[in-house]
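Engineer: Sharing a sequence plus its predicted fold:
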Amino acid sequence: MFTGLVEEMGEVLAIENGEKSIKLKIKCKKVLEGAKLGDSIATNGTCLTATELGSNFFTADCMYETVKRTNLKRLKVSDKVNLEKSITLATPLGGHLVTGDVDCEGKVVSITPEGIAKIYEIEIERKYMKYIVEKGRVTLDGASLTVMKLGDTTFGVSLIPHTQEMITLGKRRVGDYINVETDLIGKYIERFMKFQDEPSEKKEGITMEFLLKNGF
């Protein structure tokens with residue numbers, strides 16, 4: 001579990017392509033403090049297991065599901081990536097609860113200056129838009145951000161100058177792809193609403209009428 005507060009931007013030192021897999025070697029510093037072999041490190045918002053630790057790097061394997069879902073497959077040597085160590089019960093929760101399980105890639109479709117800030121508009125598959133809520137939280141390349149506006153297949157986030165410098169989104173251009181993790185709570189609510197213990201038998205389950213009747 002993570003908070004979406006990026007600790008540092010690492011640099012891709014090496015990429016080794018395997019059979020439907022990728023091995024990454026990432027240069028970093030802060031996330032190595034207190035790190036142990038087998039620890040989880042969010043890399044562009046993707047939960048990866050550290051398989052080797054050096055004085056200034058870690059390596060991680062990306063299986064096919066990870067390659068297919070995320071922008072890690074688009075990385076090149078010297079690219080920057082957002083990094084965050086997994087949290088403990090003593091970690092301040094300054095962002096929101098982030099699993100590191102990326103839902104999909106999003107595409108940057110516009111970047112608009114607005115005062116001191118820049119508004120980044122992101123396009124994703126429409127089926128994931130139901131989990132995006134105005135003024136809710138979304139994780140972009142591992143960074144916890146506030147949704148400021150919604151479209152049919154797009155949403156926007158606004159970055160102040162400091163944030164632009166601290167995360168990879170501030171370096172993105174129109175047409176670039178980023179990792180998107182939507183809010184965890186919405187997914188569970190949807191699952192509870194639709195699931196039936198015994199599909200062969202018709203059950204009432206939890207309905208909107210039930211929730212309204214019981215004060216929800």
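Structural biologist: Yep, that arrived.
Engineer: Break down the protein into its strands, ranges please.
Structural biologist: 8-18, 21-27, 40-43, 46-53, 57-62, 80-85, 104-114, 117-123, 137-140, 143-150, 154-159, 177-181 (DSSP state E).
Engineer: Which pLDDT value goes with residue 201?
Structural biologist: We have a pLDDT of 53 for residue 201.
Engineer: Residue 107 touches residue 180, doesn't it?
Structural biologist: No: using CB atoms under 8 Å, residue 107 is not in contact with residue 180, being 9.8 Å away. All C-beta atoms are positioned from the backbone trio N, CA, C, and that covers glycine.
Engineer: Between these two, tell me which one has more neighbours.
Structural biologist: Between residue 107 and residue 180, counting by other CB atoms under 10 Å, residue 180 is the more crowded of the two (27 against 16).
Engineer: hang on, the earlier thing: would you format the strands of the chain as CSV with mean pLDDT and distance to residue 166 included?
Structural biologist: Below are the strands of the chain laid out as CSV (pLDDT from 0 to 100; distance: least, CB to CB, whole Å):
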stretch, mean pLDDT, distance to residue 166
strand 8-18, 97, 8
strand 21-27, 98, 17
strand 40-43, 98, 15
strand 46-53, 97, 19
strand 57-62, 98, 20
strand 80-85, 97, 9
strand 104-114, 97, 17
strand 117-123, 98, 13
strand 137-140, 96, 13
strand 143-150, 96, 8
strand 154-159, 98, 9
strand 177-181, 98, 15
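Engineer: Serialize those to JSON lines and add fields for distance to residue 95.
Structural biologist: JSON lines is the format used below for those (distance: least, CB to CB, whole Å):
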{"stretch": "strand 8-18", "distance to residue 95": "15"}
{"stretch": "strand 21-27", "distance to residue 95": "21"}
{"stretch": "strand 40-43", "distance to residue 95": "11"}
{"stretch": "strand 46-53", "distance to residue 95": "15"}
{"stretch": "strand 57-62", "distance to residue 95": "22"}
{"stretch": "strand 80-85", "distance to residue 95": "9"}
{"stretch": "strand 104-114", "distance to residue 95": "18"}
{"stretch": "strand 117-123", "distance to residue 95": "17"}
{"stretch": "strand 137-140", "distance to residue 95": "7"}
{"stretch": "strand 143-150", "distance to residue 95": "3"}
{"stretch": "strand 154-159", "distance to residue 95": "13"}
{"stretch": "strand 177-181", "distance to residue 95": "12"}
